[in-house]
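Participant: sequence below, structure please.
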Amino acid sequence: MLRAPHEGRRMADGDLGTGGGEPARPLGTARITMAGLCAALVGIGLGRFAYTPLIPALIEARWFSASDVVYLGAANLAGYLAGALAARPASARLAPPWILRGAMLTATLACFACTVPLSLPWFFAWRFAAGASGGLIMVLAAATILPHAPASRRGLVGGLIFTGVGLGIAASGTLVPVLLRVGLVKTWAALGVLSGLLTLAAWPNWPAHRPPEARRAPPRPGAEPAAPHSRVVRGLSLAYGLNAVALVPHMVFLVDFVARGLGRGVDAGARDWVLYGLGAMAGPLLAGNLADRVGFGPALRLAFLLQAGAVAIPAFDDSPAAMALSSLVVGAFTPGIVPLMIGRLHELLPHDPDAQRQAWSRATTSFALFQAASAYGFSYLFAHTAGTHAGLFELGSLAVLLALLVDLAVTRRGPRPVPEARAPEAACPPRD
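Facilitator: Prediction:
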């Protein structure tokens, strides 16, 4: 546990990195947003999604069997669950910026460790560690940065942070097929070098001061805020978990489905993965801007509906054009759903950062739990249905339709969001 030099208390964020008793100068919004983007890129964009275009190559190179490779992908999701569960206890003992730096370092080391396929347990452990890093980053990165952003721009800032996921997907889909021409070992090493450079770029740019306090506005009649354990917050966590189930078929099986299932080869699978990544790059920004305009609740419901259609497409139409559309739309919502959900929770729990963090941690844990369970479940179905993919996409579509129904049910009579009072302009962080 870090402690201040002269007091028996947990070190405040404002004491980090100063080397003395004076608080650090607040960083600009652009710099701290860039740090969050880099973290999402390393911990999730590369740490998780770079594995998907590697699946056919790992099988063809006989590093592991087809079923083992799929289970190793699920190991990353199990690690993500562990990281999400550990985030709140860890942040109670250590300042979040240092946890985030450590998570990025771990994800980088995992890439280098995967250059050596010593055994299945070795690979499993490092895929699990990379997933845990992603879980920590998902819970803590936005929660650390958003309180420093003006309330009217939090949709945009959240979108920019999670654009890092899409950048990682696009980078892996573009770079991996090229790097595989020189071998799997060099591919993993190159991913490690890229992750290390991004970790260094983000290192000095995490916020090192307490966020400004927003002035409290008295709630209007009929617009009471929710409680962190209320029915509506629990229901949204369940809906977010069901949304995770819908994303698993594309996240884990898309490239293998195109490359081996449809017989179009690794290059065709990589092209669809690049489209998935391009969608993921645009998705958070589009979702954040939409939410800033129409509200997080309506934007979230529209996202559920569009995903239901896009996830189901491969089960009914596997033509190149249909697969491209499905990849692009599902890719957009893979990270795009994140700023919508975190913004919705902030909207329902105004003026209470602790309650917001608690609700977001609960939602992320639900997402991770459903994602890991469905990944193992889908892997089992895949292994016991002679490698049939279509049913996986159908189940994913049904899951997100159920998420929409849950959201409608719990919010129909739930509390209306209370607009957050803006802090005085002087209290807002300086812009770069």
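
Participant: what residues are up against the residue nearest to the spatial centre of the chain?
Facilitator: Per CA atoms, centre = their mean, the C-alpha nearest to the average position across the chain is that of Met138, at 5.2 Å. Counting by CB atoms under 8 Å, 6 or more residues apart in numbering, Met138 touches 40, 43-44, 80, 83-84, 338, 364. All C-beta spots, glycine's among them, are computed from the backbone N, C-alpha and C.

Participant: can I get those residues in JSON lines with secondary structure, pLDDT and distance to Ser172?
Facilitator: Output for the contacts of Met138, formatted as JSON lines (DSSP: H, G, I helix; E, B strand; the rest coil; pLDDT from 0 to 100; distance: CB to CB, whole Å):
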{"residue": "Ala40", "secondary structure": "helix", "pLDDT": "89", "distance to Ser172": "14"}
{"residue": "Gly43", "secondary structure": "helix", "pLDDT": "89", "distance to Ser172": "13"}
{"residue": "Ile44", "secondary structure": "helix", "pLDDT": "85", "distance to Ser172": "11"}
{"residue": "Tyr80", "secondary structure": "helix", "pLDDT": "85", "distance to Ser172": "17"}
{"residue": "Gly83", "secondary structure": "helix", "pLDDT": "89", "distance to Ser172": "20"}
{"residue": "Ala84", "secondary structure": "helix", "pLDDT": "83", "distance to Ser172": "22"}
{"residue": "Val338", "secondary structure": "helix", "pLDDT": "87", "distance to Ser172": "19"}
{"residue": "Thr364", "secondary structure": "helix", "pLDDT": "84", "distance to Ser172": "23"}
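
Participant: next, report how far stretch 255-266 is displaced from the centre of its chain.
Facilitator: 26 Å (CA atoms, centre = their mean, to the nearest Å).

Participant: got the buried residues for that stretch?
Facilitator: By neighbour count on 16 or more other CB atoms under 10 Å, the buried set for stretch 255-266 is 255-262, 264, 266.

Participant: may I see those arranged in JSON lines, with pLDDT, distance to Arg93 and secondary structure as well?
Facilitator: What follows is the buried residues of stretch 255-266, written out as JSON lines (pLDDT from 0 to 100; distance: CB to CB, whole Å; DSSP: H, G, I helix; E, B strand; the rest coil):
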{"residue": "Val255", "pLDDT": "76", "distance to Arg93": "39", "secondary structure": "helix"}
{"residue": "Asp256", "pLDDT": "76", "distance to Arg93": "40", "secondary structure": "helix"}
{"residue": "Phe257", "pLDDT": "81", "distance to Arg93": "43", "secondary structure": "helix"}
{"residue": "Val258", "pLDDT": "83", "distance to Arg93": "44", "secondary structure": "helix"}
{"residue": "Ala259", "pLDDT": "79", "distance to Arg93": "44", "secondary structure": "helix"}
{"residue": "Arg260", "pLDDT": "77", "distance to Arg93": "45", "secondary structure": "helix"}
{"residue": "Gly261", "pLDDT": "76", "distance to Arg93": "46", "secondary structure": "helix"}
{"residue": "Leu262", "pLDDT": "77", "distance to Arg93": "49", "secondary structure": "coil"}
{"residue": "Arg264", "pLDDT": "79", "distance to Arg93": "49", "secondary structure": "coil"}
{"residue": "Val266", "pLDDT": "71", "distance to Arg93": "44", "secondary structure": "helix"}
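
Participant: is it possible to get TSV of the contacts of Met138 that adds distance to Arg357 and neighbour count?
Facilitator: What follows is the contacts of Met138, written out as TSV (distance: CB to CB, whole Å; neighbours: other CB atoms under 10 Å):
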residue	distance to Arg357	neighbour count
Ala40	18	29
Gly43	18	34
Ile44	19	31
Tyr80	18	32
Gly83	15	30
Ala84	13	29
Val338	15	28
Thr364	10	31
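
Participant: save these as a markdown table, and put in distance to Phe124 too.
Facilitator: Below are those laid out as a markdown table (distance: CB to CB, whole Å):
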| residue | distance to Phe124 |
| --- | --- |
| Ala40 | 24 |
| Gly43 | 18 |
| Ile44 | 19 |
| Tyr80 | 14 |
| Gly83 | 16 |
| Ala84 | 19 |
| Val338 | 26 |
| Thr364 | 23 |
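
Participant: nearest to Leu236 among those?
Facilitator: Nearest to Leu236 among those is Thr364, at 11.8 Å by CB to CB.

Participant: correct me if wrong: the closest one contacts Ala141.
Facilitator: No: between Thr364 and Ala141 there is no contact under CB atoms under 8 Å: 11.0 Å.

Participant: and of the buried residues of stretch 255-266, the nearest to Ala409?
Facilitator: The shortest approach to Ala409 among those belongs to Phe257, at 32.9 Å (CB to CB).

Participant: quick one, what contacts the nearest residue to the closest one once chain neighbours are set aside?
Facilitator: Spatial nearest neighbour of Phe257, excluding adjacent residues (CB to CB, 6 or more residues apart in numbering): His389 at 4.5 Å. Neighbouring residues of His389 by CB under 8 Å, 6+ apart: 249, 253, 256-257, 261, 314, 382.

Participant: can we see that at 10 Å?
Facilitator: The contact partners of His389, by CB atoms under 10 Å, 6 or more residues apart in numbering, come to 249, 253-254, 256-258, 260-262, 314-315, 318, 378, 381-382.

Participant: against Gly73, how distant is it?
Facilitator: Applying CB to CB, to the nearest Å, the value for His389 to Gly73 is 14 Å.

Participant: follow-up on the earlier one: now, among the contacts of His389, which is nearest to Leu58?
Facilitator: Of all the contacts of His389, Asp256 has the smallest distance to Leu58: 10.3 Å, by CB to CB.

Participant: pretty sure the closest one is touching Ala66, no?
Facilitator: Yes: between Asp256 and Ala66 there is a contact at 8.4 Å, judged by CB atoms under 10 Å.

Participant: mind listing the shared neighbours of these two?
Facilitator: Residues touching both Asp256 and Ala66 (CB under 10 Å, 6+ apart): 55-56, 59, 382, 387.

Participant: buried ones in the helix or strand hosting Arg362?
Facilitator: Per DSSP states H and E: Arg362 is located in helix 353-383. For helix 353-383, burial by neighbour count (16+ other CB under 10 Å) applies to 355-376, 378-379, 382.
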